[in-house]
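Peer 1: Let me see the structure of the following:
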Amino acid sequence: MKEPGIESHNPVNEKEQSFRMFNRIHKRYDFLNRFFSFRRDTAWRKRLRKYLNPGDGQCLLDLAAGTGDVTFSLLKHTPPGKISRAYGCDMAFNMLQTARYKSIRKKMDAHVTFCQGDA
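Peer 2: I've put the predicted structure just below:
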């Protein structure tokens, strides 16, 4: 029974809605991210790279990897040999498909694996 003035909260339903939304917008996600952030997403990745200081042969795990932009940025701008392998995990399969296609196009597919999951 719903009490007056109290809203019900269903985190499982909200997670499912989020999952569906990202699967729907996967082809437009990169454009939307740049547009709505006024291209600040590129600056955020650059700032993140500044704080990352991997040792030789480290593995990278990108949770909520989406279309892989953070993963690709870190791989591209980290000195050779510092990151031996990268893994990207996301709950939205379609976003991961986009990431996989991008990894092939960027010739990074030998260094990165994408998997579906929920952290």
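Peer 1: what residue ranges in this structure are flagged as low confidence?
Peer 2: 1-9 (pLDDT under 70).
Peer 1: for it, what spans make up the helices?
Peer 2: Ranges of helices within the chain are 11-25, 29-36, 40-51, 69-77, 93-105, based on DSSP state H.
Peer 1: Include distance to Gln58 and mean neighbour count when you put these into a markdown table, please.
Peer 2: To be clear about C-beta, it is placed using only N, CA and C from the backbone, and glycine gets the same treatment. Converted to a markdown table, the helices of the chain look like this (distance: least, Cβ to Cβ, whole Å; neighbours: other Cβ atoms under 10 Å):
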| stretch | distance to Gln58 | mean neighbour count |
| --- | --- | --- |
| helix 11-25 | 28 | 12 |
| helix 29-36 | 26 | 13 |
| helix 40-51 | 14 | 12 |
| helix 69-77 | 11 | 19 |
| helix 93-105 | 19 | 18 |
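Peer 1: closest to Tyr87 out of these?
Peer 2: helix 69-77 (8.3 Å; Cβ to Cβ).
Peer 1: can you pull the alpha-carbon coordinates of that closest one into CSV?
Peer 2: The C-alpha coordinates for helix 69-77 follow below in CSV (Å, rounded to 0.1, in the frame of the first residue of the first chain):
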residue,chain,number,x,y,z
ASP,A,69,36.5,6.0,-24.9
VAL,A,70,38.3,6.0,-21.5
THR,A,71,39.9,2.6,-22.3
PHE,A,72,41.1,3.8,-25.7
SER,A,73,42.4,7.1,-24.3
LEU,A,74,44.4,5.4,-21.6
LEU,A,75,45.9,2.8,-24.0
LYS,A,76,46.8,5.4,-26.5
HIS,A,77,48.4,7.9,-24.2
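Peer 1: Distance from that helix to the middle of the chain?
Peer 2: Helix 69-77 sits 11 Å away from the centroid of its parent chain (Cα atoms, centre = their mean, to the nearest Å).
Peer 1: can you state the direction angle for that helix and helix 93-105?
Peer 2: For helix 69-77 against helix 93-105, the angle by axes from the mean of the first three to the mean of the last three Cα atoms, to 10 degrees is 20 degrees.
Peer 1: Appreciated, that's everything.
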